[in-house]
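Student: sequence first, then the predicted structure:
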Amino acid sequence: MDEKALLERIAYDPKIFGGKPIIRGHRLAVEHVLGMLAAGDTIETVRSGYAWLEREDVLACLAYAKRLVAHERVEPFLVPTGT
């Protein structure tokens, strides 16, 4: 499944979690799925907690995070020294 198709699984609803990204109309925030993965859970472990969750939904969360990070730029903050 390509990235575009994966990202179609991510939705926004201002009535759910203040408009944070969620998985296609469910009350499961992308942030929560990413947190579980960051804590070391496998895709299978994440899915075991949500009977309706598909592997592609978890991959969509990763694709969403990748898309956000791809647009970040970090600029060094240079502090002048006394020399």
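Tutor: Great, that's in hand.
Student: show me where the protein has helices.
Tutor: Under the criterion DSSP state H, helices of the chain are mapped to 3-7, 30-38, 43-48, 55-70.
Student: could I get those helices as CSV with mean pLDDT, mean neighbour count and distance to residue 13?
Tutor: For glycine as for every other residue, the C-beta is placed from the backbone atoms N, C-alpha and C. Output for these, formatted as CSV (pLDDT from 0 to 100; neighbours: other C-beta atoms under 10 Å; distance: least, C-beta to C-beta, whole Å):
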stretch, mean pLDDT, mean neighbour count, distance to residue 13
helix 3-7, 96, 13, 16
helix 30-38, 98, 17, 12
helix 43-48, 97, 15, 21
helix 55-70, 96, 16, 15
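Student: can you put the ones you listed in JSON lines and add distance to residue 81?
Tutor: Formatted as JSON lines, the helices of the chain follow (distance: least, C-beta to C-beta, whole Å):
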{"stretch": "helix 3-7", "distance to residue 81": "44"}
{"stretch": "helix 30-38", "distance to residue 81": "36"}
{"stretch": "helix 43-48", "distance to residue 81": "47"}
{"stretch": "helix 55-70", "distance to residue 81": "32"}
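Student: and of these, who's closest to residue 23?
Tutor: Of all the helices of the chain, it is helix 55-70 that lies closest to residue 23, at 4.9 Å by C-beta to C-beta.
Student: in CSV, could you pull the C-alpha coordinates for the closest one?
Tutor: Only the C-alpha atoms of helix 55-70 are listed here, as CSV (Å, rounded to 0.1, in the frame of the first residue of the first chain):
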residue,chain,number,x,y,z
ARG,A,55,-1.9,-3.5,10.3
GLU,A,56,-2.3,-0.8,7.7
ASP,A,57,-3.8,1.6,10.3
VAL,A,58,-0.6,1.3,12.4
LEU,A,59,1.5,1.8,9.3
ALA,A,60,-0.6,4.9,8.5
CYS,A,61,0.4,6.3,11.9
LEU,A,62,4.1,5.8,11.0
ALA,A,63,3.6,7.4,7.6
TYR,A,64,1.8,10.3,9.2
ALA,A,65,4.7,10.9,11.6
LYS,A,66,7.3,10.5,8.8
ARG,A,67,5.4,13.2,6.8
LEU,A,68,5.4,15.6,9.7
VAL,A,69,9.1,15.1,10.5
ALA,A,70,10.0,15.4,6.8
